[in-house]
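S.K.: what follows is a predicted structure for the sequence shown.
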Amino acid sequence: MYAPAIDDKFLGEVSSLPGGELITQCIQCGSCSGSCPTAPWMDHSPRQLFALIRCGMRDEVLNSNTPWTCASCYTCYVRCPKEIKITDVMYALKRLAMKEGKAKPDTRAARVMAEVFEKLVNKHGRNSERDLMQQLYLKGAQIGKAFRDMPTGMKLMRLGRIPLFGRDRVSRKGLDQMKQILAAVNEMRGL
């Protein structure tokens, strides 16, 4: 019989992440899971994920698709009777999973998208939809999907919704300010 590995320090680690300060206050009421619009597509509801965190099931949590499926609508946080910042915990879990290189095959595209998005913002001061899509298709090994989506992409370019050339960059001064902000945030996150 398979016995999952238990990490006694995982709860403390998650509690120290931004948003995780109140995770030990969770009363397992299920308000978060009952109000989550994406819960049907999660392998563990937010309530279940919190129970797994409290049990020290690090690998199960970091390999879960739940943080990647979160729509960041904040409904869970608004309805939580303990005011736990559930959406922030989901972001923190995504960062931790990315840092440790953990993701199931069905979460790979979401992980690659998050990594590419962060890289573009750090480099250019904002997201570039064109570059994001290009790198997502290439790094996500979704070349076939790129060809299927090409008609939609061409239509968006014709309508001016996706710039063909570099209109999606911030000024040099703005980029320097953005990098200072991101450095401060990364320092707070301990990265």
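M.R.: Nice, I can see it. Predicted model, so just to flag it, every value in this text is computed and none were measured.

S.K.: neighbours around the closest residue to Glu100 other than its chain neighbours, how many?
M.R.: For Glu100, ignoring the flanking residues on the chain, the nearest one in space by C-beta to C-beta, 6 or more residues apart in numbering is Leu62 at 6.2 Å. C-beta here means a position set from N, CA and C on the backbone, and glycine is covered the same way. Residues near Leu62, counting by other C-beta atoms under 10 Å, number 20.

S.K.: residues in contact with Leu62?
M.R.: Shown here is Leu62, whose contacts under the criterion C-beta atoms under 8 Å, 6 or more residues apart in numbering are Leu93, Leu96, Ala97, Glu100, Lys102.

S.K.: by neighbours, which of those wins?
M.R.: Leu93 (23 neighbours).

S.K.: surely that residue and Arg58 touch.
M.R.: No: with contact defined as C-beta atoms under 8 Å, Leu93 and Arg58 do not form a contacting pair (10.5 Å).

S.K.: break the protein into its domains for me.
M.R.: Partitioning the chain according to automatic domain parsing yields domains covering residues 10-103, 107-186.

S.K.: so which of the ones you listed is the most surrounded?
M.R.: For the domains of the chain, average neighbour numbers computed from mean count of other C-beta atoms under 10 Å are highest in domain 10-103, which has a mean of 18.

S.K.: if we can go back for a sec, any idea how far the residue nearest to Glu100 is from Val78?
M.R.: Here the criterion is C-beta to C-beta, to the nearest Å. By it, Leu62 lies 26 Å from Val78.

S.K.: do the same with Ala146
M.R.: From Ala146 over to Val78 the distance is 37 Å, taken as C-beta to C-beta.

S.K.: what do you get for Arg54?
M.R.: Note on Arg54: its distance to Val78, by C-beta to C-beta, is 22 Å.

S.K.: Ile27 now?
M.R.: If you measure Ile27 against Val78 using C-beta to C-beta, the figure is 16 Å.

S.K.: understood, closing this out.
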